[in-house]
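Chemist: just need the structure, nothing else, for what follows:
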Amino acid sequence: MYGTVARAKVKAGRLDDVVALMNEWERDHKAEGAVANYLYSLDVDATMIVMAVVFRDKASYVANADDPETDTWYRRFRELLEDDPEWSDGEIVYGSA
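Modeler: The predicted structure follows:
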């Protein structure tokens, strides 16, 4: 499996909008090969989020990243943040559910 983890600061009062946008993505544009999405609101600061996105393989992840609909969605997501997210992509070497 392959995925990305993002860390970002949400604009004040916009966390519910981020959650709604994540739900919209799942409902209207779940990417081929997408396995799971997680969004954490951190205890230390509720405006700080960590998002983990899991794909079945790197090819599925890259196809999603290259999809123009993903870019459109990302621009809406970015408007809800104080600044650009910090992204970390990589192979998932262990997981448990």
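
Chemist: what residues sit buried inside the helix or strand harbouring Val54?
Modeler: Assigned by DSSP states H and E, Val54 belongs to strand 48-55. By neighbour count on 16 or more other Cβ atoms under 10 Å, the buried set for strand 48-55 is 49, 51, 53-55. All C-beta spots, glycine's among them, are computed from the backbone N, C-alpha and C.

Chemist: and if you look at stretch 8-28?
Modeler: Residues 8, 10, 14-15, 18, 21-22, 25 are the ones in stretch 8-28 that count as buried (16+ other Cβ under 10 Å).

Chemist: what is the nearest of the residues you listed to Asn64?
Modeler: Nearest to Asn64 among those is Trp25, at 10.4 Å by Cβ to Cβ.

Chemist: mind giving me the packing neighbours of the strand holding Val54?
Modeler: strand 2-9, helix 15-29, strand 34-41 (3 or more Cβ pairs under 8 Å, 6 or more residues apart in numbering; DSSP states H and E).

Chemist: so which of these comes closest to Thr72?
Modeler: So among the helices and strands packed on strand 48-55, helix 15-29 is nearest, using Cβ to Cβ, at 9.2 Å.

Chemist: tell me which other helices or strands the closest one touches.
Modeler: Counting contacts by 3+ Cβ pairs under 8 Å, 6+ apart, helix 15-29 is packed against strand 34-41, strand 48-55, helix 68-79.

Chemist: I'd like the ones you listed written out as a markdown table, with distance to Trp87 added.
Modeler: Formatted as a markdown table, the helices and strands packed on helix 15-29 follow (distance: least, Cβ to Cβ, whole Å):
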| stretch | distance to Trp87 |
| --- | --- |
| strand 34-41 | 14 |
| strand 48-55 | 9 |
| helix 68-79 | 11 |
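
Chemist: if anything else comes up later, I'll come back, but that's it for now.
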